[in-house]
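*Asks:* Return a 3D structure for these sequence lines:
(one chain, ligands or ions: 1)
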Amino acid sequence: MNKKVEQTINEQINAELWSAYLYLSMSSHLASEGLNGFANWMRVQWQEETSHAMKFFDYLIERGGKPELKPIKEVPTKWNGPLNVFEEVLKHEQHITGLINNLVDIAIEEKDHATRNMLQWFVDEQVEEEANAQEIIDTLRLIKGEGNGLFMIDRELKQRVFVDSTKA
Ligand code: OFO
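*Replies:* Coordinates of the predicted model:
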């Protein structure tokens, strides 16, 4: 397969695994704050990001490329309350959207239509990822991040279960 596309997808595998690592770190932090529902939501997010990395991994193999796993950089371990956590999630997802858009640009430049087509799934997924983070931020701002409201959201986020949408 096209070497430039292969290399950029390999970088994206690393970025997705870093995202997974970041969200697992956030899960740990939220659990340590006694917010077990938030921690559960973030743990599901860790599974989602791992599935994103694997979607790219499997795609490279399918196209005769080779996934190359590089070290995953250290992630932060502390945040300043759940609102700050989700603001960081949104910022990070906006960064990932930029990386996906850059990948689309490269696939188009290199006339790799199959990759361009596969990437559409990620373009759509990023719209959802940003919207999910924004929705939780809006709710947290509404309740000012405290009291009974926080307890209710925590209970709601406990219900989230992982569904592997990469296979749909
Ligand atoms: Fe959060 O979408 Fe992948 O990185």
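
*Asks:* Quick one: residues contacting residue 30.
*Replies:* Residues near residue 30 by CB atoms under 8 Å, 6 or more residues apart in numbering: 36, 38, 39, 42, 82, 85. Any C-beta I mention is one placed from the backbone N, CA and C, and that applies to glycine too.

*Asks:* between those residues, which has the most around it?
*Replies:* When neighbours are counted by other CB atoms under 10 Å, residue 38 leads these with 27 neighbours.

*Asks:* Hmm, residue 84 and that residue touching each other?
*Replies:* No. With contact defined as CB atoms under 8 Å, residue 38 does not count as touching residue 84 (11.9 Å).

*Asks:* Redo the contacts of residue 30 as TSV? Include distance to residue 101.
*Replies:* Converted to TSV, the contacts of residue 30 look like this (distance: CB to CB, whole Å):
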residue	distance to residue 101
36	35
38	29
39	31
42	25
82	29
85	25
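
*Asks:* closest to residue 13 among those?
*Replies:* Of all those, residue 13 sits closest to residue 42, with 20.8 Å by CB to CB.
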